[in-house]
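**Student:** Okay, structure incoming, though there's no sequence with it:
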C-alpha cells in the first residue's frame with residue numbers, strides 16, 4: 001500500500017500546469033486557445049493540432065485528449081517527456097490507413113485535475129463513509145488528493161460537450177458525427193475517457209484509455225472504487241458493438257497494480273458481448289506509467305479508433 005502511495009504521489013502529481021510557451025511540433029501546426037472560459041470548470045488552455053496541409057475544404061475527425069500540456073513537445077512539459085502525438089498521427093495519416101484528424105489538447109486544471117477526472121456518478125453511488133474516506137485520502141507527501149475540491153467530472157464533461165465541442169465545430173472544418181469524434185487519455189485521463197463515452201455515446205464514437213487508474217486514489221487495501229466503477233460500467237456502457245473502446249496497461253511502476261483490475265473490466269466487456277472490432281485491450285509487459293510508454297504504443301489505439 002505504501003508503494004502505491006509513493007508511486008501515485010510521484011506519477012500523478014506531475015500533471016501540473018507548465019509554462020505558457022506554445023509547443024513546437026515536427027509536423028502540422030498548433031493553434032492555442034488561451035484560457036478558454038467555462039461556466040462549468042476553471043479556465044484552461046486548449047492546444048489544437050492541425051495536420052500538414054489542413055484544408056477548409058475537408059472534413060476532419062476530431063480526437064479530444066486530456067492533459068493537453070503533455071501531448072506535443074517535451075521541452076515544454078514538467079518531466080521533459082511528451083506523447084509526441086503530432087509525430088505519431090502525421091506518420092499514420094501519410095499511410096492512408098486512418099481518417100484525417102485534428103487533435104484538441106485540453107489542458108488539465110492543475111489542482112482540480114483529480115476532481116475533474118474522477119467519474120462522478122460512480123462516486124455518488126458510494127456510502128457516505130466511503131465518500132468521506134476518499135476525500136480524506138492523501139498523497140505520499142501528505143497533500144490532499146483532491147486539493148479540497150469536490151468531484152465534479154460531470155461539469156468537466158459538460159465543458160467538453162456543451163462549450164468546447166461547439167467551439168471546435170464552428171471554428172474548424174470537422175465532422176460533427178459521433179463516428180468521427182473520439183476521446184483519449186491516460187491514468188485518471190483514462191478514467192474520464194471511459195466516463196465520457198458512457199455518459200455521451202451520442203457525442204463520442206470511441207475512447208482510448210491508457211493505463212487506466214482503476215484504483216481512483218492512492219490506496220488499494222479496502223478500496224471500494226474499482227467495484228463501483230465496474231457496477232457503473234455494467235449499467236452504462238454503450239450497447240455492445242456500437243462504440244469503440246480501447247484499454248491498455250503495462251506492469252512496471254504504477255501500472256504494476258492494474259493487471260488484476262483490468263482483467264475484471266475485460267470480463268465485463270466479454271460478458272457484454274463486445275467484439276474485437278469494437279473493443280481492444282492490450283497488455284505491454286515491461287512498460288511503465290509514463291508518456292514514453294504511451295507514446296510508443298499510441299499508434300495502436302489511433303489505428304483502432306480512426307481506421308477508415
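**Tutor:** Received the coordinates, thanks. These figures come from a predicted structure and were not determined experimentally. Numbering: from 1, shown residues only.
**Student:** Excluding chain neighbours, give the residue nearest to residue 244 in space.
**Tutor:** residue 206 (3.4 Å; Cβ to Cβ, 6 or more residues apart in numbering). (Each C-beta comes from the backbone N, C-alpha and C, glycine too.)
**Student:** neighbours around that neighbour, how many?
**Tutor:** Here the number of neighbours of residue 206 (other Cβ atoms under 10 Å) works out to 26.
**Student:** Show the contacting residues for it.
**Tutor:** Counting by Cβ atoms under 8 Å, 6 or more residues apart in numbering, residue 206 touches 182-183, 197, 243-246, 305.
**Student:** Could you list which of these belong to strands?
**Tutor:** Among the contacts of residue 206, the members found in strands (DSSP state E) are 182-183, 244-246.
**Student:** need those in JSON lines with pLDDT, distance to residue 271 and neighbour count, can you?
**Tutor:** Output for the ones in strands among the contacts of residue 206, formatted as JSON lines (pLDDT from 0 to 100; distance: Cβ to Cβ, whole Å; neighbours: other Cβ atoms under 10 Å):
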{"residue": "182", "pLDDT": "99", "distance to residue 271": "24", "neighbour count": "29"}
{"residue": "183", "pLDDT": "99", "distance to residue 271": "24", "neighbour count": "29"}
{"residue": "244", "pLDDT": "98", "distance to residue 271": "18", "neighbour count": "24"}
{"residue": "245", "pLDDT": "98", "distance to residue 271": "14", "neighbour count": "26"}
{"residue": "246", "pLDDT": "98", "distance to residue 271": "18", "neighbour count": "23"}
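**Student:** quick one: the strands in the stretch 51-200 of the chain?
**Tutor:** Remark: strands assigned in the stretch 51-200 of the chain by DSSP state E, counting those that start in this stretch are 61-65, 101-106, 181-186.
**Student:** Which of the ones you listed sits closest to residue 232?
**Tutor:** Judged by Cβ to Cβ, the one of the strands of the stretch 51-200 of the chain that comes nearest to residue 232 is strand 181-186, at 16.9 Å.
**Student:** Show me what the closest one pairs with in its sheet, parallel or antiparallel.
**Tutor:** Using DSSP bridges, the strands paired with strand 181-186 in its sheet are strand 61-65 (parallel), strand 206-210 (parallel).
**Student:** what's the most buried one of those?
**Tutor:** The highest average neighbour count among those, using mean count of other Cβ atoms under 10 Å, belongs to strand 206-210 at a mean of 28.
**Student:** Give the next helix or strand downstream of that strand.
**Tutor:** Next along the chain after strand 206-210, taking DSSP states H and E as the criterion, comes helix 225-236.
**Student:** neighbouring contacts of that following helix?
**Tutor:** 119, 121-123, 125-126, 134, 191, 194, 198-199, 214-217, 261, 264-265, 268.
**Student:** What of stretch 277-296?
**Tutor:** 7, 11, 70, 77, 79, 81-84, 88, 186-187, 210-211, 240-255, 259, 262, 265-266, 269, 297, 300-301, 304.
**Student:** tell me which residues in stretch 90-105 are buried?
**Tutor:** The neighbour-count check on stretch 90-105 (16 or more other Cβ atoms under 10 Å) flags 90, 92-93, 98-105 as buried.
**Student:** export those to CSV and tack on pLDDT and distance to residue 43?
**Tutor:** Formatted as CSV, those follow (pLDDT from 0 to 100; distance: Cβ to Cβ, whole Å):
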residue, pLDDT, distance to residue 43
90, 95, 29
92, 96, 32
93, 93, 31
98, 97, 32
99, 97, 30
100, 97, 30
101, 98, 26
102, 98, 22
103, 98, 20
104, 98, 16
105, 98, 15
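**Student:** and which of those is nearest residue 157?
**Tutor:** residue 104 (14.2 Å).
**Student:** and the gap between that closest one and residue 33?
**Tutor:** Remark: distance between residue 104 and residue 33 (Cβ to Cβ, to the nearest Å) = 9 Å.
**Student:** residues shared between the contacts of those two?
**Tutor:** If you check residue 104 and residue 33 against Cβ under 8 Å, 6+ apart, the residues they both contact are 46, 48.
**Student:** are any of the contacts of stretch 277-296 buried, and which?
**Tutor:** Buried members of the contacts of stretch 277-296, counted by 16+ other Cβ under 10 Å: 7, 11, 70, 77, 79, 81-84, 88, 186-187, 210-211, 243-250, 253-255, 262, 265, 269, 297, 301, 304.
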